[in-house]
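Novice: Following is a predicted model, sequence given first.
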Amino acid sequence: MHTARLTIRRVQPDDLGDLLEVNGDDTVTRFLPYPTWKSATDAQLWFERMAALQAAGATAQFVIEHRELARVIGSCLLFRHDPASGRAEIGYVLGRAHWGQGLMHEAMRGFIVHAFGTLGLRRLEADVNPLNQASVRLLERLGFRREGLLRQRWVTKGEVSDSLLFGLLRDEAQP
């Protein structure tokens, strides 16, 4: 998938160095359900988990490559894919050096077009910590609707947190 500045493609082993820079930042991973990566071993173990999940058909892991910089600056994924229901959840992360430039909005618009078009999904969902206001704003700008609040749903990194649920239907997606 290509956007004006980005290429969104399947993750490859050569991407792990750039992804370690993204996922090795505690500020970036604050709201993510996995610990901040500390080493290349963490990156390799993550890659192996993603490969197994992709082989099972429930997950599709992509990277966000900035074409001008010729490097990976983030990632996005579809997971909990339910083909019979035409639905999947989305997740995403972007390196802190690239925040505030509209890059994740650009990436996710392309990703949503791919999910609804090429993959034929009918519904996308997102599950977000309400304290992650940047992610909440992104989803709302993309046309996702708040569908509920689940109180004290997750314990992540030793902290109990609520969860905002968002949904987007194919016929609601922005062109």
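Specialist: Thanks, I have the structure now.

Novice: Please make it C-alpha for all contacts and neighbour counts, starting now.
Specialist: Fine.

Novice: Any idea which residue is closest to the centre of the chain?
Specialist: Tyr92 (1.8 Å; C-alpha atoms, centre = their mean).

Novice: How about the secondary structure of that one?
Specialist: strand (DSSP: H, G, I helix; E, B strand; the rest coil).

Novice: which non-adjacent residue is nearest it?
Specialist: Excluding its sequence neighbours, the residue lying closest to Tyr92 (C-alpha to C-alpha, 6 or more residues apart in numbering) is Cys76, at 4.1 Å.

Novice: pLDDT score assigned to Ala107?
Specialist: You'll see Ala107 listed with a pLDDT of 98.

Novice: Enumerate every residue touching the residue nearest to Tyr92.
Specialist: Gln61, Phe62, Val63, Ile64, Ile90, Gly91, Tyr92, Val93 (C-alpha atoms under 8 Å, 6 or more residues apart in numbering).

Novice: Lys157 now?
Specialist: Neighbours of Lys157 in contact, by C-alpha under 8 Å, 6+ apart: Pro33, Tyr34, Pro35.

Novice: would you turn the contacts of Cys76 into CSV with pLDDT and distance to Arg123?
Specialist: Shown next, in CSV, are the contacts of Cys76 (pLDDT from 0 to 100; distance: C-alpha to C-alpha, whole Å):
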residue, pLDDT, distance to Arg123
Gln61, 95, 18
Phe62, 97, 19
Val63, 98, 22
Ile64, 98, 22
Ile90, 98, 10
Gly91, 97, 14
Tyr92, 97, 17
Val93, 97, 21
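
Novice: All set now, cheers.
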